[in-house]
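S.K.: Just need the structure, nothing else, for what follows:
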Amino acid sequence: MIIETPAEKIRVSKAGSLRGEITLPGDKSISHRAVIIGALAKGEVRISSLSSGEDNQRTITAFKQMGVDITRERDGDLRIQGKGLFALKEPAQVIDAGNSGTTMRLLTGLLSGQKFFSVLSGDTSLNQRPMKRVIEPLSMMGAQIWGRGGGNFAPLAITGRNLKAIRYELPVASAQVKSAVILAGLCAEGITEVQEPSFTRDHTERMLAYFGVDLEREGSAVRVQGGREWEGKEVIVPGDISSAAFFIVAATIIPHSEITIRGAGINPARTGFLEILRQMGASIKIANKREVSGEPVADIVVRSSRLRGREIRGEMIPRAIDEIPILAIAATCAEGETVIRDAGELRVKETDRIKAIASELKRFGVSVEEYEDGFMIAGGVKLKGTRCLSYGDHRMAMSLIIAGLVSEGETVVDGTECIRTSFPQFMETLKAIMN
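M.R.: Residues are numbered from 1 along each chain as shown. Model prediction:
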């Protein structure tokens, strides 16, 4: 049961079951790329099923500031009059990325090769997240970027220059850093190559290939030829698989549940959490596979299941990094211990997610041991309703709401306004399948 409360807090109590079909909003990560690459195309681009979250609106507003004509049609589609790779205008004001790390990091790459000055800033949380990992390879390409803390923190001031192509090996797997270098490489002379230590989400590469950009993937290397233009076309954004994760876990751990999620993106770089849940014993079926705008899409059928704890580490982590907060909720309902390691990247997300997960699960009566790069959760306990904090982190907020649905008594999650950054329809979608 869900009790309506002000936007900054949500009260929930134990749910009976989840049943029905849902269609999720467009994938947040793909939506960012569709807007960026669409704005750089020559001619009209029409985007259907774009995410309506605040993070994506930040990217749209940024390109409007740079002179791109972007309108929302009556049917909800976004129409972009692409200006081409080198026709953006200098923004008169600071570009405010809000809480969107994707907006800031990807635009840092793009703006490094534009012929004007720009400043990128964000909210308090984003301006505390590390940016040097992006700035270092861009500086090797000839970019001029200044920031607080020796260039490690926003606001970032960028003077666009003629960039040179480089071959860069990512020290840590990061789709955002990879994408920033690729976008800078589009503006550079020659062929830019990025080598990644493990496979990360490849939405930027897929979107560029869909638009016909000269891009090559060979093993762990991605190469892009600079200076080439591309034409506009129609884009359909698949349903957000990271948003689906909350409902998949909820249907797995709430008894007598069965739901179907229509049209979800199943990019292999994003489905690590599905593999993890299946290994834990979850009943998850993939049906009606197809391709939409260069991305694999399918329907997902989930039934409630008994879960077993397991160890999660190594190459699986980059493919499930955003879903670890909700996987932690699944772990509390699994038999035995679940251990997550090699996930130190969680400490530099919207909040320190390792610390936040450990702290909030303890409020529910769960035994958690925190490590520098992860944690251990002792599952199989009955969760007790409590008052908990989101830390201004949308994934934490939604995960804690799901925890409340399997807890005895009432749970209050404070700071839930942050859900708007990625999934404004979360509560409406959840209530639609509650019985």
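S.K.: Now do the helices in the stretch 201-350 of the chain.
M.R.: 203-210, 241-253, 272-279, 324-332 (DSSP state H, counting those that start in this stretch).
S.K.: Which strands or helices does the second one pack on?
M.R.: Here helix 241-253 touches helix 28-39, strand 258-265, helix 272-279, strand 283-292, strand 295-303, helix 324-332, helix 394-404, helix 426-432, going by 3 or more CB pairs under 8 Å, 6 or more residues apart in numbering; DSSP states H and E. For glycine as for every other residue, the C-beta is placed from the backbone atoms N, C-alpha and C.
S.K.: And these: which comes nearest Tyr371?
M.R.: helix 324-332 (12.9 Å; CB to CB).
S.K.: Confidence-wise, which helix or strand of this structure is lowest on average?
M.R.: Lowest by mean pLDDT, DSSP states H and E among the helices and strands of the chain is strand 2-3, with a mean of 60.
S.K.: Can you identify the element that follows it toward the C-terminus?
M.R.: Sequence order places strand 9-12 as the next helix or strand after strand 2-3, per DSSP states H and E.
S.K.: Which segments of the protein make up each domain?
M.R.: Listed domain ranges for the chain are 2-26+239-432, 28-236 (source: automatic domain parsing).
S.K.: now the shortest one, how far from the chain's geometric center?
M.R.: Averaged C-alpha coordinates place domain 28-236 at 15 Å from its chain's average position (CA atoms, centre = their mean, to the nearest Å).
S.K.: measure that domain end to end?
M.R.: Start and end residues of domain 28-236 are separated by 13 Å (CA to CA, to the nearest Å).
S.K.: And the average pLDDT for it is what?
M.R.: Averaging pLDDT along domain 28-236 yields 96.
S.K.: between the helices and strands packed on helix 241-253, which one is nearest to Leu18?
M.R.: Closest approach to Leu18 among those (CB to CB): strand 258-265, 5.5 Å.
S.K.: From the contact counts, what lies against the closest one?
M.R.: Going by 3+ CB pairs under 8 Å, 6+ apart, strand 258-265 lies up against strand 19-23, helix 241-253, strand 295-303.
S.K.: May I see these arranged in a markdown table, with mean neighbour count, mean pLDDT and distance to Ser179 as well?
M.R.: Output for the helices and strands packed on strand 258-265, formatted as a markdown table (neighbours: other CB atoms under 10 Å; pLDDT from 0 to 100; distance: least, CB to CB, whole Å):
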| stretch | mean neighbour count | mean pLDDT | distance to Ser179 |
| --- | --- | --- | --- |
| strand 19-23 | 14 | 96 | 27 |
| helix 241-253 | 26 | 97 | 16 |
| strand 295-303 | 20 | 98 | 15 |
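S.K.: For Val368, which of the ones you listed is the nearest?
M.R.: Val368 lies closest to helix 241-253 among the helices and strands packed on strand 258-265, at 17.1 Å (CB to CB).
S.K.: Kindly export the closest one (C-alpha atoms) in CSV.
M.R.: Written as CSV, here are the backbone C-alpha positions of helix 241-253 (Å, rounded to 0.1, in the frame of the first residue of the first chain):
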residue,chain,number,x,y,z
ILE,A,241,16.0,-1.0,-18.5
SER,A,242,17.5,0.7,-15.4
SER,A,243,13.9,1.9,-14.5
ALA,A,244,12.7,-1.6,-15.2
ALA,A,245,15.1,-2.9,-12.6
PHE,A,246,13.0,-1.6,-9.7
PHE,A,247,9.8,-3.4,-10.9
ILE,A,248,11.7,-6.6,-11.8
VAL,A,249,13.1,-6.8,-8.3
ALA,A,250,9.8,-5.9,-6.7
ALA,A,251,7.9,-8.5,-8.7
THR,A,252,10.6,-11.1,-7.7
ILE,A,253,10.5,-10.5,-4.0
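S.K.: Now do the helices in the stretch 51-200 of the chain.
M.R.: Shown for the stretch 51-200 of the chain, the helices assigned by DSSP H, counting those that start in this stretch span residues 54-65, 101-111, 132-140, 148-151, 175-187.
S.K.: wait, which of these is closest to Glu417?
M.R.: The nearest among the helices of the stretch 51-200 of the chain, by CB to CB, is helix 54-65 at 10.1 Å.
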